[in-house]
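In: Provided below for reference: sequence and predicted model.
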2 protein chains.
Amino acid sequence: MKIAVLGGTGDIGEGFALHWAEKHHIRIGSRKSEKAEAAAEQFNETLTLFERKGDISGFDNRTAAEDADVIILAIPYAHVSGVIDVVRPVLSDQIIVSPVVPMSRDEYFKYDAPARGSAAQEIQAMLPEGMNMVAAFHTVASRKLCSLDPAFQCDVMVCGDDRHSKDVIISLTDEVVCLRPLDVGPLALASTIESLTPLLLNIAVLNHLKDPSIKVL
Amino acid sequence: MKIAVLGGTGDIGEGFALHWAEKHHIRIGSRKSEKAEAAAEQFNETLTLFERKGDISGFDNRTAAEDADVIILAIPYAHVSGVIDVVRPVLSDQIIVSPVVPMSRDEYFKYDAPARGSAAQEIQAMLPEGMNMVAAFHTVASRKLCSLDPAFQCDVMVCGDDRHSKDVIISLTDEVVCLRPLDVGPLALASTIESLTPLLLNIAVLNHLKDPSIKVL
């Protein structure tokens, strides 16, 4: 499978690239292709360090998206609509995955619910008719994901309206040994899982927990 | 400490009564005192079965609340304002704890955010000026709490604006060996933890998990 991680030069991109690169083609996307190429090169070196093989390449966001089966939007909420504008001409039947969380911080981290209820629903409205969205990966502690630490355990809550698209993402999540996918229902419920990110950030600060993640027991 | 559990004749009341009765006076409240007395008697018998001692009594809601230090509202959202009306004359400096979750179910469980943002904020507005609210216990799987199962582990997310009141509830939570309190910030963030209840219910149904609870790792 070809998986594009747009805005994938940071921790999230690296984490998923390291875990998926042995079985899948990872296409790191960035606004500038050189930045994505440099990140991809570095991720490939990290793979070698972990004695894994893989196929990670870097492109500008549009080229990364063009040929992909799955597109992960590892992008801050404020930049999503700009990136969607850039990739829209090459969007057709890719599965779009949103880990995007609209939030702000004053004294505490706060979820800023968009007008349509969630970032995922906002993004759905920006896509060409008939494309399928899945919301997932909001609570993955990406630095822990990057470390390939076998002790790391994290549940990934997944919601979406298209059964096939959701199953693809659930199955990709299941391939990552430290992650467990949990179906949480339709896209209309995305706000609940998006708001877990500011909740976890507040919990981290107030309770002195580092890179916390969530498990349902 | 005197702890009143209003609407406490069900699983939540029983769970907390069983755990707290050795150290605290538990006052189970109900609309009808006979119902609360019968529940208290049954909980005392269960205590004996578990070879614990304790002090659990039953009263009508107002009497239960009158003499309490802490009042837990184990009441469905729709009935809260009626119960607050009944107990208002005896409210003064008790700490009010809301595990209340406004939600509905069609195909999925759904959080129904009230106008003020959360049930906790709605209840705060119903209380006499200067009384202190804490939101907590929304995600405690009450049947597991009742079983005194030593394997049961659950995080309790606590939010509130008054430091002392929050510390009292955090400390009471910490006394229950299977529960870990987590401070999640001010009452303004209560909607996030209230919405975890419908999220967990959807997760339970869609992923075949029984009485799920949440742990932050």
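Out: Alright, I've got the coordinates.

In: Now do the helices in chain A.
Out: Per DSSP state H, chain A carries helices over the ranges A:11-20, A:33-49, A:61-66, A:77-87, A:119-126, A:142-146, A:163-175, A:190-194, A:196-207.

In: partner residues bridging A:Met103?
Out: A:Tyr111 (DSSP bridges).

In: how many other residues sit next to it?
Out: The local packing of A:Met103 (other C-beta atoms under 10 Å in any protein chain shown) involves 19 other residues. C-betas here are computed from N, CA, C, even on glycine.

In: That one and B:Ala78, how far apart?
Out: 31 Å (C-beta to C-beta, to the nearest Å).

In: One more: A:Ala68?
Out: Relative to B:Ala78, A:Ala68 is positioned 48 Å away (C-beta to C-beta).

In: For the closest residue to A:Asp162 other than its chain neighbours, grab the count of nearby residues.
Out: The shortest distance from A:Asp162 to any non-neighbouring residue, by C-beta to C-beta, 6 or more residues apart in numbering or on different chains, is to A:Asn132 (4.0 Å). By the criterion of other C-beta under 10 Å, A:Asn132 has 21 neighbours.

In: Which residues are in contact with A:Asn132?
Out: A:95-96, A:160-162, A:164-165 (C-beta atoms under 8 Å, 6 or more residues apart in numbering or on different chains).

In: try A:Cys154
Out: A:139-141, A:144-145, A:178-180, A:213-215, B:217.

In: switch the cut-off to 10 Å
Out: A:137, A:139-141, A:144-145, A:173, A:176, A:178-180, A:211-215, B:217 (C-beta atoms under 10 Å, 6 or more residues apart in numbering or on different chains).

In: for the record, mean pLDDT for stretch A:101-120?
Out: In this model, stretch A:101-120 has an average pLDDT of 97.

In: What residues of the helix or strand of chain A with the lowest mean pLDDT count as buried?
Out: None of the helices or strands of chain A scores lower by mean pLDDT, DSSP states H and E than helix A:142-146, at a mean of 86. Using 16 or more other C-beta atoms under 10 Å in any protein chain shown as the burial criterion, the residues of helix A:142-146 that qualify are A:142, A:144-146.

In: and chain B, which of those contact it?
Out: A:Lys144 (C-beta under 10 Å from any C-beta of the partner chain).

In: of the buried residues of helix A:142-146, closest to chain B?
Out: Taking C-beta to the nearest C-beta as the measure, chain B sits nearest to A:Lys144 out of the buried residues of helix A:142-146, at 9.4 Å.

In: separation between the closest one and A:Ser213?
Out: In terms of C-beta to C-beta, A:Lys144 sits 7 Å off from A:Ser213.

In: residues shared between the contacts of these two?
Out: Taking C-beta under 10 Å, 6+ apart as the criterion, A:Lys144 and A:Ser213 both touch A:152-154, A:178, B:217.

In: Check these for the minimum pLDDT and say which it is.
Out: Out of the shared contacts of A:Lys144 and A:Ser213, that is A:Phe152, at 85.

In: what's the least confident stretch among the helices of chain A?
Out: helix A:142-146 (a mean of 86).

In: hmm, who's touching that helix?
Out: The contact list for helix A:142-146, computed with C-beta under 10 Å, 6+ apart, reads A:10-19, A:43, A:46, A:74, A:99, A:137, A:149, A:151-154, A:176, A:178-179, A:210-213, B:217.

In: Please indicate which of the residues you listed are buried?
Out: A:11-19, A:43, A:46, A:74, A:99, A:137, A:152-154, A:176, A:178-179, A:211-213, B:217.

In: Look up how far A:Asp162 lies from the nearest residue to A:Ser81 once chain neighbours are set aside.
Out: Counting by C-beta to C-beta, 6+ apart, A:Ser81 lies nearest to A:Met126, which is 6.1 Å off, once chain neighbours are set aside. Distance of A:Met126 to A:Asp162, given as C-beta to C-beta: 17 Å.

In: With A:Leu6 instead?
Out: Counting by C-beta to C-beta, the gap from A:Leu6 to A:Asp162 is 20 Å.

In: Same drill for the two, tell me which one is more crowded.
Out: A:Leu6 (32 against 16).

In: In contact with the closest residue to that one other than its chain neighbours: list those residues for me.
Out: Take A:Leu6 and drop its neighbours on the chain: the residue closest to it by C-beta to C-beta, 6+ apart is A:Gly29, 4.1 Å away. The neighbours of A:Gly29, taking C-beta under 10 Å, 6+ apart as the test, are A:4-9, A:13, A:35-36, A:39-40, A:57-66, A:68, A:71-75, A:83, A:86-87.

In: Return the members of those residues classed as buried.
Out: A:4-9, A:13, A:36, A:39-40, A:57-66, A:68, A:71-75, A:83, A:86-87.

In: what's near enough to touch A:Ser33?
Out: Taking C-beta under 10 Å, 6+ apart as the test, what A:Ser33 contacts is A:40, A:58-64.

In: separation between A:Ala204 and A:Pro181?
Out: For A:Ala204 relative to A:Pro181 (C-beta to C-beta), the value is 23 Å.

In: what does A:Asp161 give?
Out: Taking C-beta to C-beta, one finds A:Asp161 at 16 Å from A:Pro181.
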